[in-house]
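*Asks:* Quick check, what structure comes out for this input:
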Amino acid sequence: MLGSFALLLSACSTLDYYAHMAKGQFELLRSRQPIARLIADPATDDQLKAKLKLALEARAFASDTLGLPRNGSYTSYADLGRPWVLQNLFATPEFSLDAVEHCFPIAGCVAYRGYYDEVRLKAEAERLKAQGYEVYIGQVPAYSTLGWFDDPVLNTMLPRDDRKDDDDLAGTVFHELAHQQLYLQGDTRFNESFASFVEQQGLRQWRAARHQAADSSDRRERADQFAALILATRERLQKLYTSGIAEAEMRSAKQAEFERLRADYRQLRDGPWQGYAGYDGWIDGELNNAKLLPFGLYHQWLPGFAKLFEEAGGDWPRFYAAAKKLADGEPAQRAATLEVPDPEIPDPSATP
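*Replies:* The predicted structure follows:
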């Protein structure tokens, strides 16, 4: 009887969550305005017009050159009046880098749970903490509905400060359309690494087509080096968690790894980065397994997809076909194919 009651409560909770998500999605779709109409409207701010024109150019390039779906997505605009469209909640056990997964009818099982409502988000985070899980909340500037709706360009996607440039807008369009091109239910790492590769390679071709120099900006180089530090930390923690040592010793060694990460970061910041402190807030905050999750999901198989693209001769349809074949195959074979050696991690003390 108690088990049946618990199941009922769980079902009610799930339905309540879906209702909250449906409401958030409906409000987003209701806010859409055609970009062409906004550009033609004299009342539209000139800076916004320029960004929306860029979005349309990126949208056309995505289909014309990268072979991504041609539909109504990213031909409308919605201003949500906040700096994020939703927030994702990640959770892991204390001694594991495996995410607590959540399963949905369309998306399948994913390594996070999204929230439009901060009150609900914080309540769920506290519930997971009380059960002994580590949690991390990440703000999301955009997401794909996988072609079920015509996703709009959002104010959260637009360049707005020194942390974003025009490439970020184009890259986000490429990334989210890549999810419409290929999406494998239940494999977040595959989906995000695939979309991130399409974004990065797409930006290389985008810049070339616009007669811009290959992107060697300090900002992007720093981002790559920071991600490399996180992935190296993940690798060391993975070995620690499977070492079989006592929990108390493992807990102490885990904290030592996080302190090593902070020390390596500061070497980069104070050395090659010449004092750039853009990641201080992230690194000085609480560090836990859940906070490292997005890096493993979005970056871990990038070298594997780069190799797949090279084997396809840089031909997008052939690359998509090869990726689809991997998605349709066995998980073990998929992982073995994509687990190619990572590029050498930069020495934090080295000068560029």
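*Asks:* Which neighbouring elements make contact with whichever strand or helix holds A195?
*Replies:* Counting by DSSP states H and E, the secondary-structure element that holds A195 is helix 188-209. Applying 3 or more Cβ pairs under 8 Å, 6 or more residues apart in numbering; DSSP states H and E, one finds that helix 188-209 contacts helix 46-64, helix 166-181, helix 289-299, helix 302-311, helix 316-328, helix 331-338. For glycine as for every other residue, the C-beta is placed from the backbone atoms N, C-alpha and C.
*Asks:* redo that, cut-off 6 Å
*Replies:* Using 3 or more Cβ pairs under 6 Å, 6 or more residues apart in numbering; DSSP states H and E as the contact definition, the elements that helix 188-209 packs against are helix 166-181, helix 289-299, helix 302-311.
*Asks:* With mean neighbour count as added columns, please give those in CSV.
*Replies:* Shown next, in CSV, are the helices and strands packed on helix 188-209 (neighbours: other Cβ atoms under 10 Å):
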stretch, mean neighbour count
helix 166-181, 23
helix 289-299, 22
helix 302-311, 18
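*Asks:* before we move on, the earlier item: toward the C-terminus from the helix holding A195, list the very next helix or strand.
*Replies:* The C-terminal neighbour of helix 188-209 among helices and strands, as given by DSSP H and E, is helix 218-241.
*Asks:* Past that next one, which element shows up next along the chain?
*Replies:* Proceeding N to C from helix 218-241, the next assigned helix or strand is helix 247-270, under DSSP H and E.
*Asks:* what residues does whatever helix or strand comes next after that following helix touch?
*Replies:* Toward the C-terminal end, the helix or strand that comes next after helix 247-270 (DSSP H and E) is helix 280-284. Helix 280-284 has contacts (Cβ atoms under 6 Å, 6 or more residues apart in numbering) with 262, 265.
*Asks:* Next, the buried residues of helix 280-284.
*Replies:* Within helix 280-284, the residues that qualify as buried by neighbour count (16 or more other Cβ atoms under 10 Å) are I283.
*Asks:* how about that helix as CSV, C-alpha atoms only?
*Replies:* As requested, C-alpha coordinates have been extracted for helix 280-284 and formatted as CSV (Å, rounded to 0.1, in the frame of the first residue of the first chain):
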residue,chain,number,x,y,z
ASP,A,280,37.6,33.2,-11.4
GLY,A,281,33.9,33.1,-10.4
TRP,A,282,33.6,29.5,-11.6
ILE,A,283,36.8,28.2,-10.2
ASP,A,284,36.4,29.9,-6.8
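*Asks:* Average pLDDT for it, rounded please.
*Replies:* Across helix 280-284, pLDDT averages out at 96.
*Asks:* Run the chain-centre distance for it.
*Replies:* Centroid displacement of helix 280-284 relative to its chain, using Cα atoms, centre = their mean, to the nearest Å, is 19 Å.
*Asks:* likewise stretch 191-207?
*Replies:* Distance of stretch 191-207 from its chain centroid, counting by Cα atoms, centre = their mean, is 12 Å.
*Asks:* mind listing what's buried in it?
*Replies:* Judged by neighbour count (16+ other Cβ under 10 Å), stretch 191-207 contains these buried residues: 191-203, 206-207.
*Asks:* Any chance you could list what contacts it?
*Replies:* Under the contact criterion Cβ under 6 Å, 6+ apart, stretch 191-207 has outside partners 61, 66, 167, 170-171, 174-175, 178-179, 183-184, 215, 297-298, 301-302, 305, 323.
*Asks:* hmm, which helix or strand of this structure has the shakiest average pLDDT?
*Replies:* Taking mean pLDDT, DSSP states H and E as the measure, helix 2-30 is the helix or strand of the chain with the lowest mean score, a mean of 67.
*Asks:* just checking, what packs against the helix or strand following that one?
*Replies:* Secondary structure here is assigned by DSSP H and E; on that basis, the next helix or strand after helix 2-30 toward the C-terminus is strand 33-34. Secondary structure elements in contact with strand 33-34, counted by 3+ Cβ pairs under 6 Å, 6+ apart, are absent; no helix or strand qualifies.
*Asks:* Any idea how far strand 33-34 is from the middle of the chain?
*Replies:* Relative to the centre of its chain, strand 33-34 is centred 26 Å away, using Cα atoms, centre = their mean.
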